[in-house]
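[1] Give me a model of this one.
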Amino acid sequence: QVQLVESGGGLAQPGGSLRLSCAASGFTLDSYAIAWFRQAPGKEREGVSCIGSSDDSTIYADSVKGRFTISRDKAKNTVYLQMNSLKPEDTAVYYCRYGNRCSLPPRTIGLLFGSRGQGTQVTVSS
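    Numbers count the residues shown, from 1 in each chain. This next block holds a predicted model:
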């Protein structure tokens, strides 16, 4: 079964850090661009970051640039999102998707493949 499973969310204090994981099963992530999105209650989906398939090039939304880092571990078939200097406005459900290529925000990724998973909740609060 082809699916992506997100994990690593939780409660963090402002200024804190979390690392999210996007693990693939049933296929190899290497061949695809992988993007992280987030959605807060009552708000539209926001593209956060993307990592390319061929050269691991990266794209970030302005709202997270300099604070978040996306990376790929081919041996573990997993993509990570390291989130530092967290802010309350980072609170959202985060989920990953795969596609053909990265694209500039807000689109963030070109053609989307598969379907969205359940995501992982990130809450930033003191």
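[2] helices or strands up against the worst-scoring helix or strand of the chain on mean pLDDT?
    None of the helices or strands of the chain scores lower by mean pLDDT, DSSP states H and E than strand 112-113, at a mean of 91. On a contact count with 3 or more C-beta pairs under 8 Å, 6 or more residues apart in numbering; DSSP states H and E, strand 112-113 meets strand 92-99. C-beta: built from backbone N, CA, C; applies to glycine.
[3] residues in contact with the strand it packs on?
    Residues outside strand 92-99 that contact it (C-beta atoms under 8 Å, 6 or more residues apart in numbering): 4, 6, 9, 20, 22, 24, 29, 32-40, 43, 46, 48, 79, 81, 109-114, 116-122.
[4] so what's the residue most central in space within the chain up against?
    The chain has residue 36 as the residue nearest its centroid, 2.3 Å off, counting by C-alpha atoms, centre = their mean. By C-beta under 8 Å, 6+ apart, the contact set of residue 36 is 20, 22, 47-50, 70, 79, 81, 94-96.
[5] if we go to 6 Å?
    48-49, 81, 96 (C-beta atoms under 6 Å, 6 or more residues apart in numbering).
[6] Now do the helix or strand where residue 4 lies against strand 92-99, angle only.
    Element membership of residue 4 [criterion: DSSP states H and E] is strand 3-7. Orientation check (axes from the mean of the first three to the mean of the last three C-alpha atoms, to 10 degrees): strand 3-7 against strand 92-99 gives 150 degrees.
[7] In terms of secondary structure, what does strand 3-7 contact?
    Contacts defined by 3 or more C-beta pairs under 6 Å, 6 or more residues apart in numbering; DSSP states H and E place strand 3-7 against strand 18-25, strand 92-99.
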